[in-house]
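Chemist: The amino acid sequence is not available; the structure is as follows:
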């Protein structure tokens, strides 16, 4: 495995590529990645290869060549990246207050009372019902 690097926030296009790889949960070729990305919009193969190389340089992907094909494997797990993104968002927008975030979502009708009930049940389950 390569030397461990600190992960950083990804630009939207690089995140879009990583989501394809994370969703598949396996090593993918350049053409497989392009095919899955093109469900939403057309991709230029040269631009895609540039993004894949950036993701390698950032420590998100590893790659190898087999015959004429290049294959890519995720090094950074989706859960690890989501934890970073969530923490950055919470710090930036809500002063690191989960309560402010949930209240804002509820007050703006982005989540429902049912969502709050599910969240309360999740917290109860994770904490064993302890305060």
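Modeler: Noted; the coordinates are in hand. Note that this is a predicted model, so its numbers are computed, not measured.
Chemist: Can you name the residues that contact residue 76?
Modeler: Listed by Cβ atoms under 8 Å, 6 or more residues apart in numbering, the contact set of residue 76 reads 7, 18, 59-60. All C-beta spots, glycine's among them, are computed from the backbone N, C-alpha and C.
Chemist: Next, format those residues as a markdown table and append neighbour count.
Modeler: Formatted as a markdown table, those follow (neighbours: other Cβ atoms under 10 Å):
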| residue | neighbour count |
| --- | --- |
| 7 | 17 |
| 18 | 21 |
| 59 | 16 |
| 60 | 23 |
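Chemist: which one of those residues sits closest to residue 114?
Modeler: Nearest to residue 114 among the contacts of residue 76: residue 18, at 31.1 Å, using Cβ to Cβ.
Chemist: Can you mark which positions in the helix or strand hosting the closest one are buried?
Modeler: Residue 18 is part of helix 12-24 when elements are defined by DSSP states H and E. Neighbour counts over helix 12-24 (16 or more other Cβ atoms under 10 Å) mark 14, 17-18, 20-22 as buried.
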